[in-house]
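Engineer: got a predicted structure here, sequence first:
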Amino acid sequence: MRESDLKEYTKEPTPFAAVAVAIIMSCIVMFFMVGCTVDSSNGLQDETSTRTGAYGVTLKPSTGMYVSFETIVNVFGDTMACMGMTAQDVTVQYVSYKEYFNGAYGAPWGGWIVNSNLVFVNTDDLGLGFQREAGIDKEILRHEFVHYILYYNGADPKHGNPMFAQCGLGVNTYN
Ligand SMILES: [Zn+2]
């Protein structure tokens, strides 16, 4: 839930029905943003070997993950369902952009390497005053997966595509 929404909902005492509607509405909003799923794997974790799961989703050895490999696969499935498209064989890796790309790609949350099946999540501290967590990881992954799924389907994978607004804006709640 966005902080601005929270303020709106809590401005004054509201009857139970209004609260229930607010909760349902926020869940609908959450659904489009993060799939309305509760991730129990909130906390830093590593994968020491390469793993491949459903849809050919591959995770290369990664450190500093706030979601499990299973969650990454689920996010890919959710993103495809949201877009009404299918794809496979995406490869995800968590890296320090500073070390891995030597500054070549700046300091984003993550990225999709254009015209490839490679998606990265940046583990560097971006100096924004708060920590990455599972919700942010999922928003990053959804956004980068939208790039890849569009590309895989021969559609325009650039940010102008309305699929980003529909299924993967990125880390908008925190900007
Ligand atoms: Zn993007």
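Structural biologist: Structure received.

Engineer: mind telling me what element the most centrally placed residue in the chain is part of?
Structural biologist: The structure's the chain has its C-alpha centroid closest to residue 139; by Cα atoms, centre = their mean the separation is 2.4 Å. Assigned by DSSP states H and E, residue 139 belongs to helix 134-152.

Engineer: so which elements touch the next helix-or-strand element following that helix?
Structural biologist: Counting by DSSP H and E, the next helix or strand C-terminal to helix 134-152 is helix 163-167. On a contact count with 3 or more Cβ pairs under 8 Å, 6 or more residues apart in numbering; DSSP states H and E, helix 163-167 meets helix 69-83, helix 134-152. Where you see a C-beta, it was placed from the backbone N, CA and C, and this is true even at glycine.

Engineer: return the set of buried residues in the first one.
Structural biologist: With burial defined by 16 or more other Cβ atoms under 10 Å, the residues of helix 69-83 counted as buried are 69, 71-80, 82-83.

Engineer: could you do the longest one as well?
Structural biologist: Residues 134-152 are the ones in helix 134-152 that count as buried (16+ other Cβ under 10 Å).

Engineer: by how many degrees do that helix and helix 69-83 diverge?
Structural biologist: If you take axes from the mean of the first three to the mean of the last three Cα atoms, to 10 degrees, helix 134-152 sits at 50 degrees to helix 69-83.

Engineer: chain center to helix 134-152: distance?
Structural biologist: Computed by Cα atoms, centre = their mean, to the nearest Å, the chain-centroid distance of helix 134-152 equals 5 Å.

Engineer: cool, thanks, signing off.
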